[in-house]
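> Sequence first, then the predicted structure, then my questions.
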Amino acid sequence: MNKIVSAISALAATALVAGAVQAADLVIYTSQPNEDAQATVDGFKAANPDLDVEWVRDGTPKIMAKLMAEIEAGNPVADVLLIADTVTLERMKQAGQLMAYKSPEAKNLDAALYDADGHYYSTKLITTGIMYNTQAGMKPTSWKDLTKPEAKGLVAMPSPLTSGAALIHAQTLAGVDGLGWDYYGQLKDNGAVASGGNGAVLKSVASGEKAFGMVVDYLPIREKAKGAPVEFVFPEEGVSAVTEPVAILSSTKHEDAAKKFIDYLLSEEGQKVQLDLGYIPAHSGLGVPAGFPPREEIKVLPLDAADALKNSEQDLKTFSDIFGTAG
């Protein structure tokens, strides 16, 4: 009997939470880290105190699985989606699941950072470059340095089978003259290990288990500031980037509030929140966090979201053929 009562109580609690989310003036689904999501929502609510905002957070694959299940059932809860990459949102755009909205705040963004039709907008730049342990025998300046004898068996990298940012990184480098998929073959031949996500790479290099790693910028830069024996390099060829885009679902029940959220995120006020969190803001008129080089010195390599979406399955197969299927 106690188990039955507990089960009923749990179901009732779940229903109450779901009801509270659906009763909000704006519901955001996001893959931001909890601290970042809370700071983003707090800033928006401070600017819009009359709006009741609820947010649901999980990793991009899980939050997308939840949303797709809701769409399939005909009852999507989210009004706004704020996730890691534009490729996922390009897929949703092509499926007719996103609303087009041309935000006036887009004037502060490079045209390459948002969909021309207004279906999604980048909110920051999270680049992937090279980190190295300060005890390493080489200070890399180029992606090709990771294929040199000095790096043999000493390189860690996240797997595109696990990390969306790693897939975008691989797709980006695959399109660079002089690198391409041949470069990944050279990394494999030089003993590079591809496994897990960016956090695992950070731990491996910071501990000295590996000397070099491909990793997203803010992790080693933050750790260096805390005293970790690591450095981060923006390679001379350029870096890939995920841009944490935001979009309004075509099924939104709160269109006006959703548009206000888009405008806030892209505004100088909203972009300063991202800067304070330690990210390069998408707003071209703002600076960069401590520990980063000037914005004009960071060369972001191009990636077409539609092409990346079209090629994703084949690119994952190509990577698996080189490194194996263990993620």
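Ah, there it is.

> Run me through the strand neighbours of the longest strand seen in the chain, direction for each.
Ranked by residue count under DSSP state E, the longest strand found in the chain is strand 124-133. If you go by DSSP bridges, strand 124-133 pairs up with strand 212-216 (antiparallel), strand 230-233 (antiparallel), strand 240-242 (antiparallel), strand 280-281 (antiparallel).

> what's in contact with the shortest one?
Under the contact criterion CB atoms under 8 Å, 6 or more residues apart in numbering, strand 280-281 has outside partners 123-127, 217, 271-272, 274-275, 288-289, 292, 295, 298. For glycine as for every other residue, the C-beta is placed from the backbone atoms N, C-alpha and C.

> can you pull out the helices in this structure?
2-23, 34-47, 60-72, 86-94, 164-174, 180-189, 198-206, 218-225, 255-266, 268-276, 305-323 (DSSP state H).

> how distant is the last one from the center of its chain?
Which is helix 305-323. Relative to the mean C-alpha coordinate of its chain, helix 305-323 is positioned 18 Å out (CA atoms, centre = their mean, to the nearest Å).

> what angle do it and helix 164-174 make?
Angle, helix 305-323 to helix 164-174, by axes from the mean of the first three to the mean of the last three CA atoms, to 10 degrees: 90 degrees.

> any low-confidence regions in the stretch 1-150 of the chain?
Applying pLDDT under 70 to the stretch 1-150 of the chain flags the ranges 1-23.

> coming back round to it: looking at the contacts of strand 280-281, which is nearest Asp256?
Thr123 (20.0 Å; CB to CB).

> Pretty sure that closest one sits against Val246.
Yes. Thr123 is within contact range of Val246, at 5.6 Å (criterion: CB atoms under 8 Å).

> which residues are common contacts for those two?
Counting by CB under 8 Å, 6+ apart, the residues touching both Thr123 and Val246 are 82, 265.

> still on that earlier bit, need the helices of the chain in TSV (columns: distance to Asp115).
TSV is the format used below for those (distance: least, CB to CB, whole Å):
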stretch	distance to Asp115
helix 2-23	27
helix 34-47	20
helix 60-72	18
helix 86-94	7
helix 164-174	16
helix 180-189	27
helix 198-206	26
helix 218-225	25
helix 255-266	12
helix 268-276	18
helix 305-323	8
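
> Nearest to Ala156, out of those?
helix 198-206 (4.5 Å).

> Give the other helices and strands that the closest one contacts.
Judged by 3 or more CB pairs under 8 Å, 6 or more residues apart in numbering; DSSP states H and E, helix 198-206 is in contact with strand 124-133, strand 155-157, strand 212-216, helix 218-225, strand 230-233.

> list the contacts for the residue nearest to the spatial centre of the chain?
The centroid of the chain falls nearest to Ala84 when counting by CA atoms, centre = their mean (3.0 Å). Ala84 makes contacts with 31, 60, 164-165, 242, 244, as judged by CB under 8 Å, 6+ apart.

> Spatially nearest residue to it (excluding sequence neighbours)?
Thr60 (4.8 Å; CB to CB, 6 or more residues apart in numbering).

> contacting residues for the one you found?
Here Thr60 is in contact with 31, 83-85, 88, 164 (CB under 8 Å, 6+ apart).

> can we see that at 7 Å?
31, 83-84, 88, 164 (CB atoms under 7 Å, 6 or more residues apart in numbering).

> my read: Tyr264 touches Lys45, true?
No. Counting by CB atoms under 7 Å, Tyr264 stays clear of Lys45, with 9.8 Å between them.

> So between these two, which is more surrounded?
When neighbours are counted by other CB atoms under 10 Å, Tyr264 and Lys45 differ, and Tyr264 comes out ahead with 22 against 15.

> where does that one sit relative to Val87, distance-wise?
24 Å (CB to CB, to the nearest Å).

> swap in Leu113?
Distance from Leu113 to Val87, counting by CB to CB: 14 Å.

> how many neighbours does Lys259 have?
Using other CB under 10 Å: Lys259 sits among 18 other residues.

> My guess is it contacts Tyr101. True?
Yes. Judged on CB under 7 Å, Lys259 makes contact with Tyr101 at a distance of 5.6 Å.

> what residues are up against Leu265?
123, 246.

> Just the pLDDT for it.
Note for Leu265: predicted pLDDT of 98.

> re the thing from before, can you list the contacts of Thr60 in JSON lines and add distance to Asn75?
Listed next are those as JSON lines, based on distance: CB to CB, whole Å:
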{"residue": "Ser31", "distance to Asn75": "21"}
{"residue": "Ile83", "distance to Asn75": "20"}
{"residue": "Ala84", "distance to Asn75": "25"}
{"residue": "Thr88", "distance to Asn75": "21"}
{"residue": "Gly164", "distance to Asn75": "26"}
